[in-house]
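A.B. asks: with the sequence up front, the predicted model follows.
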Amino acid sequence: MAHTSMSFAVQASYLIATLLLIVGLKRMSSPRTARNGMLMAGVGMLLATVVTFAYLPGIYRLASSAAEQQGAWWHRLILIVIAITVGGIPAWWSGRRVPLTEMPQMVAIYNGLGGGAAAAIAAVELYSGRAYLGSLAFPVIAVIGALVGAIGLGGSIIAFLKLQGLMGSPRIIARNFINGVLAIILLALTIASIFPHSASYAHLSVDSLVGIFLIVSLLFGILITLPIGGADMPVVISTYNACIGLAVGFEGFVLQNPAMIIAGMIVGAAGTLLTVLMAKAMNRSFFNIWLSGFGDVKAAEAAGGVQQVMKSMDPSDAAATMAYSEDVIVVPGYGLAAAQAQHKLWEFVQMLQKKGVRVRFAIHPVAGRMPGHMSVLLAEAGVPYDLIFDLEEINSDFATADVALVIGANDVVNPAARTDKSSPIYGMPILNADQARQVMVIKRGRGAGFSGIENQLFFGDNTQMIFGDAQGVISKMIQALKEL
Ligand code: NAP
């Protein structure tokens, strides 16, 4: 009776934790509710951790007799405190400290830890032999979860190092051949780990076999991620995110833990959708990202072409022109984040508003270097959400705007995406900044964007460049408005 009610309490707690996670994720889809969504999901995870350590039979295995199991509550309490401290304190500290521009690498490392955790669970189940006791589904799912988790851990570590600027993109000779051979070895090890006792390799102990399998999986994740350029990493991370979600779900099946199954599947589905949407918005195929690099295109494009002339303008003239306009649309891009100019920009926009200018922000889905980068940046500066518009909402309004102010954006306003079939970004939806009466572009020089290609917008008759670091230029524009 007591056991039944405890099992009911455990399952009910998992259900609540899962509901908190689902509702939390839903709320994260809007900047207005995202903070509350994070809190809900966090409470859900805390509940799942506490319940797991407090009640799950796996923990009882630490105690040898039934009497010890009953008496081991304080062991479990210590484990709960250690787990929450080890996981929670670094997460809390890094979450508060890491600047927004370094968020992708933080996501990469947390993602990798999720993969490592899935692989570790599988390792425990395989080493102990428990995964081989029931039906064949258990070792199959445990091994596939371990494979995906370990590859995800290896790849995510490389993604972190690249985004942190600690590693480049080394060219590996015959890399597709090497990866192909490694994939075949990994396939053999995967099958061997599912049936460890049934073939001639059986003189290898299960422990050694599983150990080699995990190391080769990790190595494979490292090797397939090494040559991919740092700028492609957000798509790579979201792919790993999707795979690791599935791995966690698989290990949840092995442990018969419904919270892990549901959470893993949701993360897997969300990661898959995000990967597809990002690849689509960048007009790149998934295989193009994984099997080639944008670097080659960059070099070819940068080498050729006649040097055209850009018209430049002073920050003070630009500020005065905008102050006498009626309708200004701001297009933020990666350069705004790199310059950390969002607070200055909002200060400038408020000054324009006080002069009666209507100012709105146009957000491209892949502006910056991670999904939602610009929305988060503007929210951090305190820009009200009703001034922020998605591409579909605002694109037709550029034609009637007096000024399109492009700040550190390049690819997302490149008209070649509409007209030049040979362009690598052809077909990508762009913000129609070129259709505004006047286009002002703040950037430091002739630097290319992520795709590495030239942008004809900068040479347009109605375009003027305001050269300089975005923060410096906007500070000068603020000063000019004060003196107006
Ligand atoms: P972008 O095309 O990368 O261009 C950024 C521009 O900012 C550069 O041309 C650079 O020119 C300028 N810049 C850099 N630092 C600056 C500073 N301190 N002050 C002023 N300007 C500065 O950026 P985007 O238009 O935002 O486009 C994003 C690109 O990233 C797209 O191609 C997208 O496909 C790709 N991408 C996005 C994501 C995502 O999830 N958002 C993920 C992966 C890839 P100067 O050097 O001349 O200053």
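C.D. replies: Looks like it arrived, so ask away. Residues are numbered from 1 along each chain as shown.

A.B. asks: ok, now which ones touch whichever residue of the stretch 1-150 of the chain sits closest to the ligand?
C.D. replies: Closest contact between the stretch 1-150 of the chain and the ligand, by C-beta to the nearest ligand atom, is at residue 104 (8.3 Å). For every residue, glycine as well, the C-beta is placed using N, CA and C. Neighbouring residues of residue 104 by C-beta atoms under 8 Å, 6 or more residues apart in numbering: 163, 233-234, 237, 369-370.

A.B. asks: and it, what's its pLDDT?
C.D. replies: If you check residue 104, the pLDDT there is 80.

A.B. asks: from residue 205, how far off is the closest residue to it other than its chain neighbours?
C.D. replies: In space, and not counting its chain neighbours, residue 104 is closest to residue 370: 4.8 Å by C-beta to C-beta, 6 or more residues apart in numbering. Distance of residue 370 to residue 205, computed by C-beta to C-beta, to the nearest Å: 44 Å.

A.B. asks: pop out the phi and psi values for the residue nearest to residue 390 when sequence neighbours are not counted.
C.D. replies: Sequence neighbours aside, residue 363 is the residue nearest to residue 390 in space, at 5.9 Å (criterion: C-beta to C-beta, 6+ apart). Dihedral angles of residue 363 (phi, psi; degrees, to the nearest 10) stand at phi -110, psi 120.

A.B. asks: up against the ligand, what does this structure have?
C.D. replies: 231, 234-235, 278, 282, 333-335, 338-339, 366-371, 373, 408-412, 442-451, 469-470 (C-beta under 6 Å from any ligand atom).

A.B. asks: quick one, domains of the protein?
C.D. replies: The chain breaks down into these domains under automatic domain parsing: 1-63, 109-307, 315-483.

A.B. asks: just send these back as JSON lines, with mean pLDDT, distance to residue 95 and mean neighbour count too.
C.D. replies: JSON lines is the format used below for the domains of the chain (pLDDT from 0 to 100; distance: least, C-beta to C-beta, whole Å; neighbours: other C-beta atoms under 10 Å):
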{"stretch": "domain 1-63", "mean pLDDT": "79", "distance to residue 95": "9", "mean neighbour count": "16"}
{"stretch": "domain 109-307", "mean pLDDT": "83", "distance to residue 95": "10", "mean neighbour count": "19"}
{"stretch": "domain 315-483", "mean pLDDT": "94", "distance to residue 95": "14", "mean neighbour count": "20"}
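
A.B. asks: neighbours of residue 91, how many?
C.D. replies: 14 (other C-beta atoms under 10 Å).

A.B. asks: next, the buried residues of the helix or strand hosting it.
C.D. replies: According to DSSP states H and E, residue 91 maps onto helix 73-97. Residues 75-76, 79-80 are the ones in helix 73-97 that count as buried (16 or more other C-beta atoms under 10 Å).

A.B. asks: least confident of these?
C.D. replies: residue 76 (72).

A.B. asks: my guess is it contacts residue 52. True?
C.D. replies: No. Contact between residue 76 and residue 52 fails when scored by C-beta atoms under 8 Å: they sit 9.8 Å apart.

A.B. asks: helices - which of the contacts of residue 104 land there?
C.D. replies: Among the contacts of residue 104, the residues falling in helices (DSSP state H) are 163, 233-234, 237.

A.B. asks: wait, doesn't residue 334 sit right on residue 367?
C.D. replies: Yes. Look at residue 334 against residue 367 with C-beta under 8 Å: they come within range, at 6.9 Å.

A.B. asks: which residue, other than its chain neighbours, is closest to residue 254?
C.D. replies: Closest to residue 254 by C-beta to C-beta, 6+ apart is residue 142, at 4.6 Å.

A.B. asks: for the one you found, give me its contacts.
C.D. replies: 122, 125-126, 131, 250-251, 254.

A.B. asks: again, 7 Å this time
C.D. replies: 122, 125-126, 131, 251, 254 (C-beta atoms under 7 Å, 6 or more residues apart in numbering).

A.B. asks: and those residues, which is closest to residue 45?
C.D. replies: Within the contacts of residue 142, proximity to residue 45 (C-beta to C-beta) peaks at residue 251, which comes in at 15.8 Å.

A.B. asks: gap between the nearest residue to residue 325 once chain neighbours are set aside and the ligand?
C.D. replies: Leaving aside its sequence neighbours, residue 325 sits nearest to residue 402 (C-beta to C-beta, 6+ apart; 3.8 Å). Counting by C-beta to the nearest ligand atom, to the nearest Å, the separation of residue 402 from the ligand is 22 Å.

A.B. asks: for residue 402, what are phi and psi?
C.D. replies: According to degrees, to the nearest 10, residue 402 has phi -70, psi -50.

A.B. asks: hang on, isn't residue 242 packed against residue 273?
C.D. replies: No. If you go by C-beta atoms under 7 Å, residue 242 and residue 273 don't touch, sitting 8.4 Å apart.

A.B. asks: can I assume the residue of the stretch 1-150 of the chain closest to the ligand sits in a strand?
C.D. replies: No. Counting by DSSP: H, G, I helix; E, B strand; the rest coil, residue 104 is not part of a strand but helix.

A.B. asks: so what's the gap between the helix or strand harbouring residue 343 and the chain middle?
C.D. replies: Assigned by DSSP H and E, residue 343 belongs to helix 342-354. From the chain centre to the centre of helix 342-354 is a distance of 29 Å (C-alpha atoms, centre = their mean, to the nearest Å).

A.B. asks: I'd like to know which elements that helix is packed against.
C.D. replies: Applying 3 or more C-beta pairs under 7 Å, 6 or more residues apart in numbering; DSSP states H and E, one finds that helix 342-354 contacts strand 358-363, helix 373-381, helix 470-483.

A.B. asks: off-centre distance for the first one?
C.D. replies: It refers to strand 358-363. With C-alpha atoms, centre = their mean, you get 25 Å for strand 358-363.

A.B. asks: packing partners of it?
C.D. replies: Using 3+ C-beta pairs under 7 Å, 6+ apart as the test, strand 358-363 ends up in contact with strand 327-332, helix 342-354, helix 373-381, strand 388-390.
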